[in-house]
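[1] Sequence and computational prediction follow.
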Amino acid sequence: MTDYIDSFLSNYKSKIRNPFIGTMLSVWLIKHWDIVFAFFSFDAKRTMEWKINYVRKYFSEICFWPEFWKITGISLFSLMLTFILLGISRALTDFYYKIAEPYIVRQIDKKQIFTLENKKTLDKRIATLEAKLEKSIDAAIKAEGINEQLELKHINNISEMSKSLESATSSYAAVNNQYNLLLEKEKKIEDVYEQFRKLYKNFDTKTLELLKNINQNHRIDATYYSENYDVSIKKLGSLGMIRLDSTGYKYELTQLGIFFMNGVTSGIV
């Protein structure tokens, strides 16, 4: 019997989580408490058939739809009444804690009792004063930092001016030396180009044609050109202007050859 009661109560708890269904079940149980009580307290002598007939007879005397609408109406009225009472209760609670209690506290002793509103007001004032204090401290720190920066800039400017005056004479000497070095480099380059001009004048047509082909195509076939330009290849190879590439089957210009052909292309040679 205990297991049946526990199962019934567990099922009842799961159903009453829905307010409307729970209210309907509660109304039905209250209205038909006698059959519920009888269901759990039949005599041990009664047979199962007798119990079933008793329950069937009880419900056969009740019309379903009138009973259903009656239970539904009572449930809706109960829910509405419950929510109205709950709203009134919350309104009374809010009225007491937000209006009545602060008023009573203020009337009992305005000087000795420190209310929540007074604490909030004081906290706001403290926060405002702390913010103003922080701003004043930040402004003082910034002003001190700006003063230090100005002093440091003044010292740095004086130091830079003295250094620039000291290095003026040495920089002039350095520029003069660089100018002389450039003149020497230009003279050496001009000497190289002069040698290139002499070579260019001494090169025959085939040699110049071979150089131009290699310069245009980057690489040329070694087998073909060795048969037709053998003399030119030997001459350019001895001057270090051409060489075989990594494959060993094609000729390419060396750095000296590229430099020579750049001079020829630009019209310097």
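    On my side now, so go ahead. Predicted, not measured: the structure shown is a model, and the values here were computed from it.

[2] Moving C-terminal from whatever helix or strand I189 lives in, which element do we reach first?
    Using DSSP states H and E, I189 maps to helix 116-202. Where DSSP H and E defines the elements, the next helix or strand beyond helix 116-202 is helix 205-217.

[3] which parts of that next one are buried?
    Using 16 or more other C-beta atoms under 10 Å as the test for burial, helix 205-217 gives T207, L210, L211, I214, N215. Using the backbone N, CA and C atoms, a C-beta is placed for each residue, glycine as well.

[4] Tell me what angle it forms with helix 116-202.
    For helix 205-217 against helix 116-202, the angle by axes from the mean of the first three to the mean of the last three C-alpha atoms, to 10 degrees is 170 degrees.

[5] For helix 205-217, list the C-alpha coordinates in PDB.
    The C-alpha trace of helix 205-217 is given here as PDB (Å, rounded to 0.1, in the frame of the first residue of the first chain):
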ATOM      1  CA  THR A 205      81.400  41.600 -87.200                       C
ATOM      2  CA  LYS A 206      81.000  37.900 -86.200                       C
ATOM      3  CA  THR A 207      82.300  38.600 -82.700                       C
ATOM      4  CA  LEU A 208      79.900  41.500 -82.100                       C
ATOM      5  CA  GLU A 209      77.100  39.400 -83.600                       C
ATOM      6  CA  LEU A 210      77.800  36.600 -81.200                       C
ATOM      7  CA  LEU A 211      77.800  38.900 -78.200                       C
ATOM      8  CA  LYS A 212      74.500  40.500 -79.300                       C
ATOM      9  CA  ASN A 213      72.900  37.000 -79.700                       C
ATOM     10  CA  ILE A 214      74.000  35.900 -76.300                       C
ATOM     11  CA  ASN A 215      72.900  39.200 -74.700                       C
ATOM     12  CA  GLN A 216      69.400  39.000 -76.400                       C
ATOM     13  CA  ASN A 217      68.800  35.300 -75.700                       C
END
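
[6] domain ranges for this protein?
    Per automatic domain parsing, the domain ranges recorded for the chain read 2-31+63-108, 114-184, 203-266.

[7] Residue ranges in the stretch 51-200 of the chain under the pLDDT threshold?
    Within the stretch 51-200 of the chain, the ranges that satisfy pLDDT under 70 run 109-116, 162, 164-176.

[8] Count the neighbours of I220 for me.
    17 (other C-beta atoms under 10 Å).

[9] Okay, H154 and A143: tell me how far apart.
    For H154, the distance to A143 equals 17 Å [C-beta to C-beta, to the nearest Å].

[10] which residue sits farthest out from the middle of the protein?
    K45 (77.6 Å; C-alpha atoms, centre = their mean).

[11] sorry, back to before: show the secondary-structure elements that the helix holding I189 is packed against.
    Packing partners of helix 116-202 (3 or more C-beta pairs under 8 Å, 6 or more residues apart in numbering; DSSP states H and E): helix 255-266.
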